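**Student:** Fold the following and give me the result.
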Amino acid sequence: MFHADTLDAALRELGAVLAAEGQQAELVVIGGGALLLLGLTARITEDCDIVAVIEDADLRTAKPLPPAIAEAAVRVARARELAEDWLNPGPTDLLRHGLPDGFMDRAHRRDYGPLTLFIADRLDQIHFKLFATSRPDDKHARDLYALRPTRDELEQAAAWGHARSAHGYSSEIAQAMEHFAQEASGRE
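**Tutor:** Sure thing, here's the model as predicted:
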């Protein structure tokens, strides 16, 4: 499990392992790890979600992780007693449907030697968290509460997510959206 400082330390070590191997990597990070790295939440997370690997200036699927990155991540996991899948390419499926417009322009760059992360901005996290919410009380919904989205941000996120859902949002998502929208209206 990671707190902001332990995730940062693991990423520094990943950068050091890549440097020792003469490798470099550019990764795009979303999810709870991104929230921790940007100081947007204090909750713990079990992994660091990778939505893309950047190769030749293009966003490419992170599944599977390129061998040099995967091997370095396993070395860090063993040294730090982490789960070997702490660098999680699972969210890379989002690439098929397209990231929110302007995603990379808003991303926050952080360098760990030869490892460069592009961390999803708060607005993009709102998109992803609303899309991932299955119940008003799941971890994604709790992250949305912590991000305190405005009604406009929620409407942007809902439009993006609805266009990517094969059958539109479920009734649970629609209920969560309405709940967040009402709460946001109360803050504005």
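**Student:** use CA for all of it now, contacts and neighbours both
**Tutor:** OK.
**Student:** Spell out the secondary structure type for Val29.
**Tutor:** Following DSSP: H, G, I helix; E, B strand; the rest coil, the label given to Val29 is strand.
**Student:** Run through who's touching whichever strand in the chain runs longest.
**Tutor:** Using DSSP state E to define each element, the chain has its longest strand at strand 48-55. Around strand 48-55, the neighbours that count as contacts under CA atoms under 8 Å, 6 or more residues apart in numbering are 7, 25-34, 59-62, 65, 86-95.
**Student:** for the closest residue to Ala10 other than its chain neighbours, what are its contacts?
**Tutor:** Nearest in space to Ala10, with sequence neighbours left out and distances taken as CA to CA, 6 or more residues apart in numbering, is Val76 at 6.8 Å. Contacts here follow CA under 8 Å, 6+ apart; on that basis Val76 touches Ala10, Glu13, Leu14, Val17, Leu82.
**Student:** Output the residues you listed as CSV; include the columns pLDDT, neighbour count and distance to Tyr112.
**Tutor:** Output for the contacts of Val76, formatted as CSV (pLDDT from 0 to 100; neighbours: other CA atoms under 10 Å; distance: CA to CA, whole Å):
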residue, pLDDT, neighbour count, distance to Tyr112
Ala10, 97, 19, 10
Glu13, 98, 22, 8
Leu14, 98, 24, 8
Val17, 98, 23, 10
Leu82, 95, 18, 19
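**Student:** what pLDDT does the residue nearest to the spatial centre of the chain get?
**Tutor:** Here the mean C-alpha position of the chain is nearest to the C-alpha of Ile30 (CA atoms, centre = their mean), at a distance of 1.0 Å. What the model reports for Ile30 is a pLDDT of 97.
**Student:** Report the beta-bridge partners for it.
**Tutor:** Taking DSSP bridges, one finds Asp49 as the beta-bridge partners of Ile30.
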